Structures are given as structure tokens and as C-alpha cells.
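A.B. asks: here you go, sequence then predicted model.
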Amino acid sequence: MSDIAHTPLFLGLISGTSADGIDAALVRFDNDSAHARPTLLAGQVLPWQPALREQLVALGQHAQALTLDAVGMLDVHIGRAFADAANTLIDAAGVDRNLIAAIGSHGQTLRHRPQGEVPFTLQLGDPSSIAERCKVPVVADFRRRDVAAGGHGAPLVPAFHAAVLHDANEDRAVLNLGGIANLTLLPASGTVRGFDTGPANGLMDAWCQRQLGHAFDAGGAFAAQGQVDAGLLARLLDEPWFAAPPPKSTGRDQFHLDWVAAALAGHEPPADVQATLLALTAHSVAAALSATQPQTRRVIVCGGGVHNPLLLTALAQALPTANIESSAAHGLDPDYVEAMAFAWLAREHLAGRPGNLPAVTDAAGLRVLGALYPA
């Protein structure tokens, strides 16, 4: 395994459920322990080429089927895009790529089916193409080992949250508001847990794209034009998945616009639907947190949703006894926490340390995650 004490730089890559861009983070760790303090040296978001993003969104919304040849080509196209994101960041940072121990690449999730007769999770983004184009070792395919061990393969970021954000003096939660919302529970003492709570930006982005042609609802402006439809909200919250106990995970393949359409009465103003989807995120997060860690005093928020003040206000109203604050207050840029986590997971792989938390994913035990693709 690599001597990471002498190669402290790692690069993390992820495109989340929203498929709104590839997040790239160049990270330095201050020592070689699992609890080393990370410093973000540089971060960038590389937008997807419009045609490729349109295909990814359509696949996530079950609007498209692919032949095996098309899947193979898409895997390479995504890998090349991830490589472009990494190279763009390396060049912008002016860093010698020989000092980067590894790139941790999450890939783009197209299907996530961790339960059933044959559980699986599928992330595309050919790591061999990334290694070839970047001339840096790549660690990828993080989720499937956990699924093979009986786990959900998600969420994986709680292990990183626990390593860098735990506080022995208070019960905390880390809330990632990406396409899907997920919580990491960090009690002052006791077992770290984490799970998805349901949709966050994914449904709001998709509805905004359909109604306005905008990739996302900037600042919650579209939702602010509407009113929460209590009947629609109740029908959405009646989804059995919300009542299932953790550990659990989900994705765009479950919470998509066809799922929303099935709950519509057919006459709702589009802005009211947007406002209701925002309320769905706040209500489902608050219900999950109240059921699992009701004494939470601090909710540390990261992900794209941190830029939606209407959503943060709704969360504060739904969780009146907790302080809601950005991860920036703790030295972690909220836009790059997940990318930093995959840099950390690559580091843990090279160190031979497990990257999952069985209490979070329900795997049979601790596992070293990912596979190494040499430069």
C-alpha cells in the first residue's frame, strides 16, 4: 500500500443524484490517521455537456432504455468527463500531479437496488479512462463491496463525517442536501448512524426543468411563488418508503417525476407543486431526525441545498430546537464535502482501512471499499 504520510494530496470526484455537474476537490490531510484534518486546497464544478446530462437525467427518470453497447459507451463518456474534471482542477491549482496519491472517483449512479433477490448498485465512469488520462492512480467502485457484504452501499459519506465533525459535547447531525437528502447522526457518545431521508434537490430540480427550462430553482425563487398544497404533501408523505426504519437508501430511480405525477390531482399550479416538493424535503428530514435522534442540538448542512434559503428556513421551522448551520462554520466548504469524502475514501483504501460503517449501511462488517486502478 502507498505510504500516504509522504503523499498527503488526494483528489475526490463525484456527480450526485441531481447530475448537475462533476464536483472535484483537491484535499490535503494533516497526518496519516483516519481522523486527519482535511484542508480543501482547490475545488471546482465541471458542468456536464448538455446532451450527456440530458441523457443521465432521462435514465434516472426511467425515461430511456439503453442497449449494452450504449451502456459501454456511456461508461467511457462519463469516465472521460470525470478525467476532464480532475485535469481541469489539477491545472488550475498548479499542483504537480505526481504529488497526488490517488483520485477517488464515485462515478455517476444510474441504478441503486440494494434490496431484493439480487441486490446491486451501478455507478458508471470508467476508472481506467480516468487513470489513463490523468496519469494518477484511481480508486473507484466504492459501493459494490458493501452491497456484496449485505449492506445498502449507501450512504458512505457518514464515515467521513464521523472522522472530522464528531463532538463529544453535543449530539450532532450532518445533513447533506444533494439530489437525495441524507443524515449522519453523530451522538456525543454512542454509535454513528446514517441513512437517506428521501428527496432533496432532485425532484425540485426536475420539476423546475420541466416547467421553466431551468436546471435548478435558484434561491428557491420558483417555490417562493407558490403555496404548499397540504393534500399533495400528505399524499407524497404517504409513500411507504418514508415509514421504513433505517438503514435505508434511495435514489432518483425511486423518487422521480412519474412518482410525483401519480400523486397530482391534475390542477395544481406549477409553483405550488415546487413549494410542496420543498416542504416534502423539510418534513421528511425533520420526521426522520425526530424519530432517530430527537435530542439533536446542531444540524450541519452541506450540499447544493445549502444555497436555498427557503429550504433552510423550512428546515429551521420544522426543527425548532436545533441550530441549523452550514458546514462552512466548521471549515468544510458545503459544496465540496462529498467530493472531499471520496478523496478520504481513496485514502482509506490505500491505507488498507475500512471505509464503511456497518451500523449505517447494514453490511455484515467493516470492509475496505473500492478497487485500485494504477496510473
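C.D. replies: Yep, that arrived. Residues are numbered from 1 along each chain as shown.
A.B. asks: excluding its backbone neighbours, what's nearest residue 310?
C.D. replies: In this structure, residue 310 finds its nearest non-sequential neighbour in residue 220, 3.1 Å apart by CB to CB, 6 or more residues apart in numbering. All C-beta spots, glycine's among them, are computed from the backbone N, C-alpha and C.
A.B. asks: tell me who's in contact with the one you found.
C.D. replies: By CB atoms under 8 Å, 6 or more residues apart in numbering, the contact set of residue 220 is 278, 308-311.
A.B. asks: now do residue 132
C.D. replies: Taking CB under 8 Å, 6+ apart, we find residue 132 in contact with residue 83.
A.B. asks: any idea how far residue 138 is from it?
C.D. replies: 9 Å (CB to CB, to the nearest Å).
A.B. asks: rewinding a little: turn the contacts of residue 220 into a markdown table, columns for distance to residue 337 and neighbour count.
C.D. replies: Converted to a markdown table, the contacts of residue 220 look like this (distance: CB to CB, whole Å; neighbours: other CB atoms under 10 Å):
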| residue | distance to residue 337 | neighbour count |
| --- | --- | --- |
| 278 | 21 | 28 |
| 308 | 16 | 24 |
| 309 | 19 | 11 |
| 310 | 21 | 19 |
| 311 | 17 | 27 |
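A.B. asks: any idea how far the lowest-mean-pLDDT helix or strand in the chain is from the middle of the chain?
C.D. replies: Across the helices and strands of the chain, mean confidence by mean pLDDT, DSSP states H and E is lowest for helix 50-60: a mean of 83. Relative to the chain's own centre, helix 50-60 is displaced by 18 Å; criterion: CA atoms, centre = their mean, to the nearest Å.
A.B. asks: and the strands in the stretch 51-200 of the chain, which stretches?
C.D. replies: With DSSP state E, counting those that start in this stretch as the criterion, the stretch 51-200 of the chain has strands at 100-113, 120-124, 138-140, 172-177, 180-186, 193-199.
A.B. asks: what's the answer for the stretch 201-350 of the chain, then?
C.D. replies: 298-302, 323-326.
A.B. asks: pLDDT score for the residue nearest to residue 310?
C.D. replies: You'll see residue 220 listed with a pLDDT of 96.
A.B. asks: what about it, distance to residue 309?
C.D. replies: In terms of CB to CB, residue 220 sits 6 Å off from residue 309.
A.B. asks: what does residue 320 give?
C.D. replies: Distance from residue 320 to residue 309, by CB to CB: 17 Å.
A.B. asks: related to what we said a few turns ago, the least confident helix or strand of the chain packs against which elements?
C.D. replies: Packing contacts for helix 50-60, counted by 3 or more CB pairs under 8 Å, 6 or more residues apart in numbering; DSSP states H and E, involve helix 68-93, strand 100-113.
A.B. asks: may I see the buried residues of it?
C.D. replies: Under the neighbour-count criterion of 16 or more other CB atoms under 10 Å, helix 50-60 has 52-53, 55-57, 59-60 buried.
A.B. asks: same thing with stretch 311-328?
C.D. replies: Residues of stretch 311-328 classed as buried by neighbour count (16+ other CB under 10 Å): 311-312, 314-315, 318-319, 322, 324, 327.
A.B. asks: just the ones of these in helices?
C.D. replies: 311-312, 314-315, 318 (DSSP state H).
A.B. asks: mind putting those into TSV with pLDDT?
C.D. replies: Below are those laid out as TSV (pLDDT from 0 to 100):
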residue	pLDDT
311	98
312	97
314	98
315	98
318	97
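A.B. asks: name the nearest of those residues relative to residue 251.
C.D. replies: Closest to residue 251 out of these is residue 311 (19.6 Å), distances taken as CB to CB.
A.B. asks: need the contact list for that closest one.
C.D. replies: Neighbouring residues of residue 311 by CB under 8 Å, 6+ apart: 177, 220, 278, 281-282, 305.
A.B. asks: one more: residue 161?
C.D. replies: Residue 161 sits next to 174, 184, 186, 192, 194, 341 when contact means CB under 8 Å, 6+ apart.
A.B. asks: separate out the buried members of those.
C.D. replies: In those, burial by neighbour count holds for 174, 184, 186, 192, 194, 341, counting by 16+ other CB under 10 Å.
A.B. asks: can I get the residues you listed in a markdown table with pLDDT?
C.D. replies: Below are these laid out as a markdown table (pLDDT from 0 to 100):
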| residue | pLDDT |
| --- | --- |
| 174 | 98 |
| 184 | 97 |
| 186 | 98 |
| 192 | 95 |
| 194 | 91 |
| 341 | 97 |
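A.B. asks: kindly reformat the residues you listed as a markdown table containing distance to residue 32.
C.D. replies: A markdown table is the format used below for those (distance: CB to CB, whole Å):
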| residue | distance to residue 32 |
| --- | --- |
| 174 | 24 |
| 184 | 24 |
| 186 | 23 |
| 192 | 22 |
| 194 | 25 |
| 341 | 18 |
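A.B. asks: now, which of the residues you listed sits nearest residue 293?
C.D. replies: residue 186 (8.8 Å).
A.B. asks: report the separation between that closest one and residue 27.
C.D. replies: Distance from residue 186 to residue 27, by CB to CB: 20 Å.
A.B. asks: repeat for residue 48
C.D. replies: Distance, residue 48 to residue 27, by CB to CB: 23 Å.
A.B. asks: one more: residue 373?
C.D. replies: Distance of residue 373 to residue 27, computed by CB to CB: 19 Å.
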